[in-house]
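>>> 3D model of this:
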Amino acid sequence: MSQTNDRTIMWEGQSGKSYEYWIYRLPPNFDAKPGNYIFAREVSPGRFSPVYIGETNDLSQRFDNHHKAQCIEDKGATHIHAHVNSGGEALRRAEEADLVARWKPTCNG
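Sure, this is the predicted structure:
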């Protein structure tokens, strides 16, 4: 990630597995690396509600014309939580599915 940040958050999936994400304010500015991300709305200081959960092979380009941009904006996303995940597409998709199953973000529907 090219932005510096010392704030992280743990998101738990349906499986019970926890994933650590860095917290960034919108808009993001990331390096060209694969990863998982969560658009989230801060509902109270330090507490977030996921709006959209996804994965990409390039965090630097994924958000320019995101296919769910209107929904993400309409639901009031204030932050993006992200982490580099170099384990391959199957691992990124499994993490995405685990988190979506647990949190059921409105823009993933």
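>>> now the helices: where do they sit in the chain?
In the chain, the segments counted as helices under DSSP state H are 69-74, 89-103.
>>> Deepest-packed of the ones you listed, please.
Mean neighbour count (mean count of other Cβ atoms under 10 Å) peaks for helix 89-103 among these, with a mean of 17. For the C-beta atoms, the positions are set from N, CA and C on the backbone; glycine is no exception.
>>> Minimum distance to P28: which of the helices of the chain has it?
helix 69-74 (12.0 Å; Cβ to Cβ).
>>> Give the other helices and strands that that closest one contacts.
In this structure, helix 69-74 packs against strand 47-56, with contacts taken as 3 or more Cβ pairs under 8 Å, 6 or more residues apart in numbering; DSSP states H and E.
>>> Which parts of the strand it packs on count as buried, going by neighbours?
48-56 (16 or more other Cβ atoms under 10 Å).
>>> Also stretch 67-86?
If you call a residue buried by 16+ other Cβ under 10 Å, then stretch 67-86 has these buried ones: 68, 71-72, 75, 77, 79-83, 85.
>>> which among those gets closest to Y24?
Of the buried residues of stretch 67-86, the one sitting nearest to Y24 (Cβ to Cβ) turns out to be I80, at 5.2 Å.
>>> any idea how far S15 is from the closest one?
Applying Cβ to Cβ, to the nearest Å, the value for I80 to S15 is 23 Å.
>>> go on, A40?
Relative to S15, A40 is positioned 20 Å away (Cβ to Cβ).
>>> what's Y19 in contact with, if anything?
Going by Cβ atoms under 8 Å, 6 or more residues apart in numbering, Y19 touches 10-13, 36, 83, 95, 99.
>>> Can you tell me which of those end up in strands?
The members of the contacts of Y19 that map onto strands under DSSP state E are 10-12, 36, 83.
>>> from those residues, which would you call buried?
11, 36, 83.
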